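[1] okay, sequence plus prediction incoming.
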Amino acid sequence: MANSMTGNIFEIQKMSTEDGPGIRTTVFFKNCNLTCTWCHNPESFFPEPSIQWFSVRCIGCETCVKVCPEHAIQMKDDGIHIDRELCSYCGLCVENCPTTALRKLGEEISLDELFKIVEKDAAYYSKSKDGGITVSGGEAALQPEFVAKFLQRCKENGFHTALDTCGFVSKKNLKKIIPYVDLILYDLKEIDPTKHKEFTGQSNEIILENAIWILNKIEGTKKKMWVRTPLIPESTATQENIKGIGKFIVEKLENKIVRWDLLAFNNLAKDKYYRMDLPYPCENLELFTSEEMDEFLQIAKETGVKNVRWSGLTRK
């Protein structure tokens, strides 16, 4: 029965060094129950597939227009336009495009098929310290049965496993997954509940409560927890927020996490939004300088949290 299960994913990223320790393969699952204004993966917003158009590859042959059964594609002076309301995500335009200018993100994949893909890079996992598999999204914990079975298979084959989660999920879902993870990458984005709702669409009470619950659940085991905070200009990147999260880690999580990562804002997702005909909310935001990130790091260290570090692109 387990082998017949399917998961809804939109990307498998190999050779990743940003989603946990060592060299990893990260599986990105569709759907999320937060709507973060700075989200790097707009293709994960909904469970349905998404079609992206790469203008630089398009030769204007209009093959996609001709094969679309819903008549959802039109060719205009500035390129093709997809009526997202009419689109049924059948993928015929993607299959028939001669230049791969169209890409469908989001597919059902079987447990066996997914494991065969990640298993191919076993040599890389073993050659790097704690390399392995990370499930991310979107929010992987919204597909708990499939994710648990997948991670169980990975563990049975000796792979290090990690769950990257926003924490806004039920404990019932987390209980199914945690037995099969070695590391929890836990997002604490904004400590103020009102601001958190403004930035992500949801308050953070459940997220903070789950952070405490997870840490208590894994205490006494070999499982580890990292906290990750995206620092976004004009929102989460404030002294107040960094100090507040640091205080929460020290007092409520009893400083028992392994590390706290400050993630510098980057605008690499901009083209994804354009390819999906979505406005990019961070259009006018600049990258931080390395000096600014060092200042944020110092603020975080002064809260007393052990092993704080920052990573990401900067202006210099």
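    Thanks, I have the structure now.
[2] let me see the ranges of the strands in this protein.
    Assigned by DSSP state E, the chain shows strands spanning 6-16, 24-29, 50-53, 73-76, 79-82, 102-105, 107-110, 132-136, 160-165, 183-187, 224-231, 259-264, 308-311.
[3] pull the distance from the second one to the chain's centre.
    Using C-alpha atoms, centre = their mean, to the nearest Å, the distance from the centre of strand 24-29 to the centre of the chain it belongs to is 9 Å.
[4] ok, residue 299 - how many residues close by?
    By other C-beta atoms under 10 Å, the residues close to residue 299 number 18. (Glycine included, C-beta is placed from N, CA and C.)
[5] from residue 249, how far off is it?
    As for residue 299, its distance to residue 249 is 13 Å (criterion: C-beta to C-beta, to the nearest Å).
[6] thought residue 207 was touching residue 190?
    No. Between residue 207 and residue 190 there is no contact under C-beta atoms under 8 Å: 9.5 Å.
[7] so the two - more neighbours on which side?
    Higher neighbour count among residue 207 and residue 190: residue 190, with 27 against 23, using other C-beta under 10 Å.
[8] from memory that one sits against residue 236, does it?
    Yes. Using C-beta under 8 Å, residue 190 is in contact with residue 236, at 5.2 Å.
[9] mutual contacts of the two, please.
    residue 199 (C-beta atoms under 8 Å, 6 or more residues apart in numbering).
[10] got the domain ranges for the protein?
    Domains of the chain are assigned by automatic domain parsing as 2-46+110-311, 50-105.
[11] helices of the stretch 151-300 of the chain, start to end?
    Applying DSSP state H, counting those that start in this stretch to the stretch 151-300 of the chain gives helices spanning 171-177, 193-200, 205-218, 239-251, 270-275, 290-301.
[12] and of the strands of the chain, who's closest to residue 253?
    When those are compared by C-beta to C-beta, strand 224-231 sits nearest residue 253, at 7.7 Å.
[13] need the contact list for the residue nearest to residue 204 when sequence neighbours are not counted.
    Excluding the flanking residues, the one nearest residue 204 by C-beta to C-beta, 6 or more residues apart in numbering is residue 196, at 4.0 Å. Going by C-beta under 8 Å, 6+ apart, residue 196 touches 189, 190, 202, 203, 204, 207.
[14] same thing with residue 256?
    215, 219, 225.
[15] and the pLDDT for it?
    Looking at residue 256, its pLDDT is 96.
[16] buried residues, stretch 158-170. List them.
    159, 160, 161, 162, 163, 164, 165, 166, 167, 168, 169 (16 or more other C-beta atoms under 10 Å).
[17] with pLDDT and distance to residue 272 added, can I get those residues in a markdown table?
    Shown next, in a markdown table, are those (pLDDT from 0 to 100; distance: C-beta to C-beta, whole Å):
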| residue | pLDDT | distance to residue 272 |
| --- | --- | --- |
| 159 | 97 | 29 |
| 160 | 97 | 29 |
| 161 | 98 | 27 |
| 162 | 98 | 23 |
| 163 | 98 | 23 |
| 164 | 98 | 18 |
| 165 | 98 | 21 |
| 166 | 97 | 19 |
| 167 | 98 | 24 |
| 168 | 98 | 22 |
| 169 | 98 | 24 |
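[18] of all those, which two lie farthest apart?
    159 and 168 (26.7 Å).
[19] what about residue 209, how many residues close to it?
    13.
[20] for residue 176, see how far away it is.
    For residue 209, the distance to residue 176 equals 18 Å [C-beta to C-beta].
[21] ok, now residue 212?
    Relative to residue 176, residue 212 is positioned 19 Å away (C-beta to C-beta).
[22] who touches the spatially most central residue of the chain in this structure?
    With distances taken as C-alpha atoms, centre = their mean, the residue of the chain nearest its centroid is residue 137 (3.8 Å). If you count contacts by C-beta under 8 Å, 6+ apart, residue 137 has them with 28, 29, 30, 31, 32, 41, 44, 164.
[23] quick one on the thing from earlier: deepest-packed of the domains of the chain, please.
    domain 2-46+110-311 (a mean of 18; mean count of other C-beta atoms under 10 Å).
[24] so how far is it off the chain centroid?
    For domain 2-46+110-311, the distance to the chain centre is 6 Å (C-alpha atoms, centre = their mean).
[25] go on, stretch 66-79?
    With C-alpha atoms, centre = their mean, you get 31 Å for stretch 66-79.
[26] which other residues reach that stretch?
    53, 55, 58, 60, 62, 64-65, 80-84, 86-88, 90, 92-93, 96.
[27] do the same with stretch 291-306
    Counting by C-beta under 8 Å, 6+ apart, 231, 237, 239, 242-243, 246-247, 249-250, 255, 257, 259-260, 262, 264, 288, 308-310, 312, 314 sit against stretch 291-306.
[28] please save the CA atoms from that stretch in CSV.
    Extracted C-alpha coordinates of stretch 291-306, given in CSV (Å, rounded to 0.1, in the frame of the first residue of the first chain):
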residue,chain,number,x,y,z
GLU,A,291,28.5,45.0,7.3
GLU,A,292,24.7,45.2,8.0
MET,A,293,24.5,41.4,8.3
ASP,A,294,27.4,41.5,10.8
GLU,A,295,25.5,44.1,12.8
PHE,A,296,22.4,41.9,12.9
LEU,A,297,24.6,39.0,13.9
GLN,A,298,26.0,41.0,16.8
ILE,A,299,22.5,41.9,18.0
ALA,A,300,21.6,38.2,17.9
LYS,A,301,24.7,37.1,19.8
GLU,A,302,24.0,39.7,22.5
THR,A,303,20.7,37.9,23.4
GLY,A,304,22.8,35.0,24.7
VAL,A,305,21.9,32.5,22.0
LYS,A,306,24.7,30.0,21.3
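[29] cool, thanks, signing off.
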